[in-house]
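Asks: Just a sequence and a predicted model for now, questions to come.
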Amino acid sequence: MNLLKTVVITGALLWTLPSAAQNSAVATPFATAKDIDTWMEKNRNWQRWGPEDQLGAANLITAAKRKDAARLVREGVSVSLAHPLETQKAEDVPYPLGHDMLITGESPDSMYSADSLSIGFHGFSHTHLDALCHVFDHGKMFNGYDQKLVTAKGCSTLAVSALKDGILTRGVLIDLPAFQGVPYLEPGTAIHAKDLEAWEKKTKVRVSSGDAVIIRTGRWARRAAVGPWDVSKQSAGLHASTADWFKKRGVAVVATDVGLDVIPSGVEGAFLPVHVMLINALGIHVIDNADPEALSKAAAERKRHDFFLGIAPLNVEGGTGSPVNPIAVF
């Protein structure tokens with residue numbers, strides 16, 4: 001049985017497979033889950049950085065890449081790419097942040113304040129980074145590790161703690177609504193490699209090895225305009241065909257303001273195939289539910305689409321990922 005029909009993704013949330021397929025009018029070599037399997041067999045980065053590798057495509061962020069990225073800081077202006085953590089349930093927030101005050105200033109005896117946070121961060125609500133142990137396919141994780149290495153105690157390999165030194169690299173914003181002259185992409189809009197290349201051609205900014213690519217669909221702008229909707233059932237996002245483009249460019253990180261994939265996927269029998277292709281096959285770290293609205297304005301004002309990007313996930317040993325607050329610096 002093709003496991004892409006029932007892809008297992010670790011974390012606190014279980015997602016429902018949409019019943020409808022993304023519009024099939026666009027011709028694509030990725031029509032079925034079998035096509036995804038074939039591509040993965042030919043293009044996996046397994047063993048590329050050694051049999052015990054824990055970093056995947058983050059290996060492409062070399063010391064030289066970090067130094068080059070640091071030179072992009074000219075003004076010292078920083079911009080957050082994290083959406084405020086949602087504390088109330090909504091159609092796109094089934095598991096809000098638990099925020100409990102332990103000590104407040106209401107008592108005259110209080111000398112300080114304290115609180116407690118709890119969060120199930122995987123899913124379509126909170127800005128988070130997926131560790132390479134997050135996605136299973138055919139019983140395997142990235143680099144061929146057995147999925148049974150993820151137990152009730154956590155991930156014994158490929159955990160988010162492998163990134164404890166942070167991700168520091170060149171960030172590139174691909175702002176597709178701005179490129180198309182619209183405030184946001186409508187749910188269900190598929191982003192193809194040709195769209196990314198058209199953006200490169202117009203802006204004259206080329207994505208290169210070790211980059212972190214941030215793709216704006218305008219999800220949060222649409223939410224502000226029309227209200228929340230069930231993003232797990234319908235969302236603008238990346239079509240499976242873009243995975244080949246990210247591999248050829250040598251991208252290390254891909255961030256979107258949704259759950260990465262277009263939903264429905266447009267690939268028969270596959271839900272979230274881009275997650276599987278990028279994380280499981282290529283070892284590319286993914287950031288879901290980023291909020292690049294402020295970054296979009298900052299980039300437009302400066303007519304700049306690349307910048308220094310810093311990402312510091314929590315050092316959770318065995319963690320399947322982490323909430324993050326990516327910071328762009330111009």
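Replies: Everything's here; your move.

Asks: need the contact list for the residue nearest to residue 124 when sequence neighbours are not counted.
Replies: Leaving out its chain neighbours, the residue that sits closest to residue 124 by C-beta to C-beta, 6 or more residues apart in numbering is residue 231, at 4.2 Å. Where you see a C-beta, it was placed from the backbone N, CA and C, and this is true even at glycine. Residues counted as contacts of residue 231 (C-beta atoms under 8 Å, 6 or more residues apart in numbering) are 92, 124, 187, 219, 258-259, 263.

Asks: out of those, who's nearest residue 226?
Replies: residue 187 (10.2 Å; C-beta to C-beta).

Asks: isn't that closest one right next to residue 230, touching?
Replies: No - applying C-beta atoms under 8 Å, one finds residue 187 not in contact with residue 230, separated by 9.3 Å.

Asks: Looking at those two, which has the bigger crowd around it?
Replies: Comparing residue 187 with residue 230 by other C-beta atoms under 10 Å, the one with more neighbours is residue 187, at 19 against 16.

Asks: residue boundaries of the helices in the stretch 101-250 of the chain?
Replies: For the stretch 101-250 of the chain, applying DSSP state H, counting those that start in this stretch gives helices covering 176-180, 193-203, 219-226, 242-249.

Asks: for the stretch 101-250 of the chain, what spans make up the strands?
Replies: In the stretch 101-250 of the chain, the segments counted as strands under DSSP state E, counting those that start in this stretch are 114-118, 128-130, 135-136, 150-151, 154-155, 167-175, 190-191, 212-216, 237-238.

Asks: Give me whichever of those strands is most buried.
Replies: strand 237-238 (a mean of 30; mean count of other C-beta atoms under 10 Å).

Asks: Check which helices and strands it is in contact with.
Replies: Using 3 or more C-beta pairs under 8 Å, 6 or more residues apart in numbering; DSSP states H and E, the elements in contact with strand 237-238 are strand 190-191, strand 253-256.

Asks: Which of those strands sits closest to residue 53?
Replies: Nearest to residue 53, of all the helices and strands packed on strand 237-238, is strand 253-256, at 16.2 Å by C-beta to C-beta.

Asks: Would you mind listing where the chain has pLDDT under the threshold?
Replies: Scanning the chain for pLDDT under 70 picks out 1-28.

Asks: re the thing from before, any chance of the strands of the stretch 101-250 of the chain in a markdown table with distance to residue 70 as columns?
Replies: Converted to a markdown table, those look like this (distance: least, C-beta to C-beta, whole Å):
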| stretch | distance to residue 70 |
| --- | --- |
| strand 114-118 | 32 |
| strand 128-130 | 21 |
| strand 135-136 | 31 |
| strand 150-151 | 35 |
| strand 154-155 | 31 |
| strand 167-175 | 8 |
| strand 190-191 | 30 |
| strand 212-216 | 14 |
| strand 237-238 | 29 |
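
Asks: Looking at those, which is nearest to residue 75?
Replies: strand 167-175 (14.9 Å).

Asks: Pull the residues that contact that closest one.
Replies: Contacts of strand 167-175 (C-beta under 8 Å, 6+ apart): 58, 61, 65-66, 68-70, 72, 196, 199, 205, 207-208, 210-216, 252-253, 285, 292, 295-296, 299-300, 305-313, 326, 328.

Asks: Quickly run through the sheet partners of it, with directions.
Replies: strand 212-216 (parallel), strand 306-311 (antiparallel) (DSSP bridges).

Asks: just to revisit the earlier point, with distance to residue 236 as extra columns, can I get the contacts of residue 231 in TSV?
Replies: As requested, these are arranged in TSV below (distance: C-beta to C-beta, whole Å):
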residue	distance to residue 236
92	13
124	12
187	6
219	7
258	6
259	10
263	9
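
Asks: among those residues, which ones are buried?
Replies: With neighbours counted by 16 or more other C-beta atoms under 10 Å, the contacts of residue 231 contain buried members at 92, 124, 187, 219, 258-259, 263.

Asks: So what pairs up with residue 32 in the strands?
Replies: residue 268.

Asks: So it sits against residue 267, correct?
Replies: Yes - using C-beta under 8 Å, residue 32 is in contact with residue 267, at 6.5 Å.

Asks: neighbour count winner among those two?
Replies: residue 267 (27 against 14).

Asks: how much space between that one and residue 274?
Replies: 9 Å (C-beta to C-beta, to the nearest Å).

Asks: So for the two, which residues contact both of them?
Replies: Contacts common to residue 267 and residue 274, judged by C-beta under 8 Å, 6+ apart, are residue 240.

Asks: Spatially nearest residue to the residue nearest the centre of the chain (excluding sequence neighbours)?
Replies: The residue lying closest to the centre of the chain (C-alpha atoms, centre = their mean) is residue 287, at 2.4 Å. Counting by C-beta to C-beta, 6+ apart, residue 287 lies nearest to residue 255, which is 3.6 Å off, once chain neighbours are set aside.

Asks: For that neighbour, list the residues it contacts.
Replies: Counting by C-beta under 8 Å, 6+ apart, residue 255 has contacts 81, 212-215, 286-288, 290, 292, 326.

Asks: if you set the cut-off to 6 Å instead, what comes out?
Replies: Residue 255 makes contact with 214, 287, 290 under the criterion C-beta atoms under 6 Å, 6 or more residues apart in numbering.
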